[in-house]
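>>> Predicted model and sequence below, questions to follow.
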Amino acid sequence: MPVNTQVINQRQLSWQVGSLLIGGGLLSIQHDLVRVAHMDTWFVYLLPTVYILFIAYVFTQLSMRLPGKHLFEINFILFGRWFGMLANMVLLIHLWFILLRDLRMLGKFIGTLLLPNTPEEMLVLLLVVLLMFYGRTSAEVISRVNDLFFPVFFALTLMLPFLLSNEMSFRLLQPILTTPPKQLGYAGLLSIGWYGDIIIVGAFLHMIWNSRQIHSALRHGSLLATVLLSLLLLMEVAVLGPNIPGNLIYPDYSLVQHIQITDFLDRMDLFVLSIWFPIIVNKIIFIYLAFLIGIASLIRQRDYTLINSPVSLFLLLTTILAFKSTPEVFSFGNYSSPVLVLSYQPALLAALLLLMRRFPKRSPERHAEQSSGKSQGHDRDGTSKGGNRHPGKRFGSRLGAISGRTWLRAGNMLLALGFVFVGAGLIFSQNYALIGKLAGFGYAFVLALLLFVTHMEMRKAKDLAARSSPNSAQSS
């Protein structure tokens, strides 16, 4: 099937975003976040989540005004030939740095924990061969692979509090929200460097035709990553304490090593690694495909399979020569990534917002939303349509009657409420420990509600897309 005709659905994009954001947090940034924010480190992902939502809004507006185009093509359209090429070159350099960082970090991880006697160059070579294999496919293939592992990873992460219940001590989390706000801000800026990887989703905008689906998928995927990463940080502090994880290279791996089920299942870390590894590799492959799409766009092509082999060999050479030691890899990944992201992404996104106004919005889902409002009206007897046929689904029908904009506003209000909880805790918990505890519980409850609200937003966007599709229009 030609590359330019392949698509991914809304759910696959949201899970792909979750894998993209989680993949970096599992290997590198966690110990630095604990070192900066101590026992309050599980609050630091609130700030980068807002940054992700801003990028989701920009991508949605781009897809509404320039449907069927990915970010590299949009740069040429909005900035012109030369400035568009300059913007694409900046993006490609950033993607190149991300690939160097992730390939070397994954090689260090495998060489340290699994294959200590294997030369690191051979590990990187095997990873590049894997990239070369998937470089002949598309995002559709890697998204289907991610469909197999991400649900298992999600369920396994949610089970960690139960698996580690005998090792946890909530006293290690207290006092809650007593870390200086400046340190929480610094930790949030560090995590923005890893969340900035979301810019690569722009390379796949042409694979989803409905802008509402892009928006809801990015929001739900980012909330999935925020919830899971925050839970991992919470468990690290509750099990290992506020100081030990900051001195460990891989605190997440040390955390799962504490899982012990009875006396004969004491190496659960090997099973967990078998789930983590595909998630991390999936992220690198996804970035590599975006890198290939960007290079192919420089010659106005979408078929990137011809440049797959030389690009992968270039990555192999530069990855091996890029770093001399492990501290260099971690310093580059954790402290250079925020500088790279904040040096160009805000300016690029602001310029895109200004220049896209020349193009009118072309959103078929607006008509679908109006028609859905009519179809979800009430009969003369005051009951909803189909209510008598399915009385057991009355509550679900009521949720389905809520519009997508209402779910969107509810999600934004919940996010603002999360900031209120954190702010109240930072202000009053120094003198009143109970307020800090209540703020922590409120923040966790807000994250759980955000998962539900963004999931409902995705379902609503899917329904609207189905109604606005040409096939549904013909059938109606």
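That came through fine.

>>> distance between stretch 110-125 and the chain's centre?
With Cα atoms, centre = their mean, to the nearest Å as the basis, stretch 110-125 stands 27 Å off its chain's centre.

>>> Stretch 313-332 now?
Taking mean C-alpha positions (Cα atoms, centre = their mean), stretch 313-332 and its chain are 24 Å apart.

>>> try stretch 353-364
Mean C-alpha position of stretch 353-364 versus that of the full chain (Cα atoms, centre = their mean) differs by 26 Å.

>>> Mind pulling up the pLDDT for L417?
Looking at L417, its pLDDT reads 95.

>>> list the buried ones in the host helix or strand of it?
Secondary structure from DSSP states H and E places L417 in helix 404-428. Neighbour counts using 16 or more other Cβ atoms under 10 Å place 404, 407-408, 410-411, 414-415, 417-418, 421-422, 424-426, 428 of helix 404-428 among the buried residues. Yep, even glycine has a C-beta here, placed from its N, CA and C like the rest.

>>> quick one: contacts of that helix?
43, 46, 49-50, 53, 176-177, 181, 184, 212, 216, 219, 369, 435-436, 439-440, 442-443, 446-447, 449-450, 453-454, 456-457, 460-461, 464 (Cβ atoms under 8 Å, 6 or more residues apart in numbering).

>>> Sitting in helices, which of the residues you listed do you find?
If you go by DSSP state H, the contacts of helix 404-428 have 46, 49-50, 53, 181, 184, 212, 216, 219, 369, 435-436, 439-440, 442-443, 446-447, 449-450, 453-454, 456-457, 460-461, 464 in helices.

>>> quick one on the thing from earlier: just the buried residues of helix 404-428 now: which is nearest V329?
V422 (31.7 Å; Cβ to Cβ).

>>> Filter the ones in helices among the contacts of helix 404-428 down to the buried ones and hand me the ChimeraX line.
Buried residues among the ones in helices among the contacts of helix 404-428 (16+ other Cβ under 10 Å), as a ChimeraX selection:
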select :46,49,50,53,184,212,216,219,369,435,436,439,440,442,443,446,447,450,453,454,456,457,460,461,464
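
>>> Pull the contacting residues for F153.
22, 275-276, 279.

>>> Work out the gap between the helix holding L417 and the centre of the chain.
Counting by Cα atoms, centre = their mean, helix 404-428 comes out at 20 Å from the chain centroid.

>>> ok, now stretch 181-201?
Using Cα atoms, centre = their mean, the offset of stretch 181-201 from its chain centre is 12 Å.

>>> Ramachandran angles for K324?
With angles defined as degrees, to the nearest 10, K324 sits at phi -100, psi -30.

>>> residues near it, how many?
8 (other Cβ atoms under 10 Å).

>>> confidence score at L92?
So L92 comes in at 95 (pLDDT).

>>> Could you pull up the residues touching it?
Contacts of L92 by Cβ under 8 Å, 6+ apart are 291, 294-295.

>>> One more pass at 10 Å, please.
72, 290-291, 294-295, 297-298 (Cβ atoms under 10 Å, 6 or more residues apart in numbering).

>>> Just the residues you listed: which are in strands?
Taking DSSP state E, every one of the contacts of L92 sits outside strands.

>>> Q257 contacts F271, correct?
No. When contacts are counted by Cβ atoms under 10 Å, Q257 is not listed as touching F271 (11.8 Å).
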